[in-house]
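Novice: Give me a 3D structure for the following:
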Amino acid sequence: MSVFDAHPAIKKLLATIWLAIFCSGLVLWWQSGIPLTQIPYRLESWLEQFGLLHAALIYVVFYTIRPLILFPAALLTIASGLVFGPFLGVIFTIIGENASANFAFFLARWFGRYLVAARESESSLAARWDQRLRQNGLVTVLIMRLIYLPFDLVNFACGLTAMRQLDFAIGTFIGIIPALVSFVLFGGVASATNQHRILTLVLAILFFFLGLIVARLLKKNGKEGDATDLQPGGDA
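Specialist: From the prediction side, this is the model:
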C-alpha cells in the first residue's frame, strides 16, 4: 500500500489540523502588528541570539515546514542574507528552499492528487496537461522557476499532477538558483561593508535578470523543437 493511499477520513482529519495551524499562524501575525516588510529584520534579531549553527538549523527547519502556514518564502530568503551574509545565506537557503518545495509538493500530492485524478477523463485538458508533465516535467518546472512564478503556487500545483517528484526536485534545484541568489544578495546588501555594498547589489540585479534570460532561451529552443517535429521528415 502506497503512502498516498491513506483513507480519505484520515486525510480530511489531517487537512483540518493543517487548516487550524494555518489560521493560528495568521491570527498570531495579525495580532503582532508587524508589517511584512519588517519581518526579515525581526528574524535577523531573533536568530542572531542562537549562534551560527543553531540559527542555521532553526532557519532550515522553519523554511522546510513553512508551507504549513504559507509563510512568504521571499522574506525568509532575504532574511538569510541579513543573518548569515551572502555566501552562507545562499548555502542555507538552498537547503531550506529545496526541502520546503518538496515538502509542499508531497503535501499536495498526499492530500489532493487522488481528488484531481478521480475527476480527470482521458480527453480532458487536465489529463493532457498531466501527460505533458509526465514527459516534460523537469523543463516545465525549470521554466516556471526561472520566470519567478509564485513559489508555493508552483509547489502545490505540481503536486496535484502526475509529474514525477524527481523531475520536480531537479527542476526546482536548478531553477531556483537565480532568484535565490538574487534575494539573498538583496538581503546581504544591508549587512555588507560599504566597499562591498554596491558590488552585492549589482550581483543581485544580474542574477535576477539571469533567470529571465535563461527562461527565454529555454522557451525559444522548446518552440523551435516543436516546429521541427511538425515538419515533413521530423520525428513524430
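Novice: Stretch 150-161: which residues count as buried?
Specialist: Phe151, Asp152, Val154, Asn155, Phe156, Ala157, Cys158, Gly159, Leu160, Thr161 (16 or more other C-beta atoms under 10 Å). C-beta coordinates here come from the backbone N, C-alpha and C atoms, glycine included.
Novice: Identify the residues contacting the nearest residue to the fifth one once chain neighbours are set aside.
Specialist: Looking back up the chat, that one is Phe156. Take Phe156 and drop its neighbours on the chain: the residue closest to it by C-beta to C-beta, 6 or more residues apart in numbering is Ala108, 4.3 Å away. The contact partners of Ala108, by C-beta atoms under 8 Å, 6 or more residues apart in numbering, come to Asn155, Phe156, Ala157, Cys158, Gly159, Leu160.
Novice: Now intersect these with the helices, please.
Specialist: Asn155, Phe156, Ala157, Cys158, Gly159 (DSSP state H).
Novice: now, which of the residues you listed sits nearest Leu43?
Specialist: Asn155 (21.2 Å; C-beta to C-beta).
Novice: OK, contacts around the residue nearest to the spatial centre of the chain?
Specialist: Central residue check for the chain by C-alpha atoms, centre = their mean: the C-alpha nearest the mean position is that of Phe151, 4.0 Å away. For Phe151, the contact set (C-beta under 8 Å, 6+ apart) comprises Ala73, Ala74, Ala101.
Novice: ok, the first one - how many residues close by?
Specialist: Around Ala73 sit 25 other residues, with neighbours defined as other C-beta atoms under 10 Å.
Novice: who touches it in this structure?
Specialist: With C-beta under 8 Å, 6+ apart, Ala73 has these contacts: Tyr63, Arg66, Glu97, Ser100, Phe151, Asp152.
Novice: Please list the outside residues in contact with whichever strand or helix holds Trp29.
Specialist: Using DSSP states H and E, Trp29 maps to helix 8-32. Under the criterion C-beta under 8 Å, 6+ apart, residues Leu68, Ile69, Leu70, Phe71, Leu107, Trp110, Phe111, Tyr114 lie in contact with helix 8-32.
Novice: what about 6 Å?
Specialist: With C-beta atoms under 6 Å, 6 or more residues apart in numbering as the contact definition, helix 8-32 has outside contacts at Leu68, Ile69, Phe111.
Novice: Give me the packing partners of the next helix-or-strand element following that helix, helices and strands only.
Specialist: Next in sequence after helix 8-32, counting helices and strands by DSSP H and E, comes helix 39-47. On a contact count with 3 or more C-beta pairs under 6 Å, 6 or more residues apart in numbering; DSSP states H and E, helix 39-47 meets helix 73-118.
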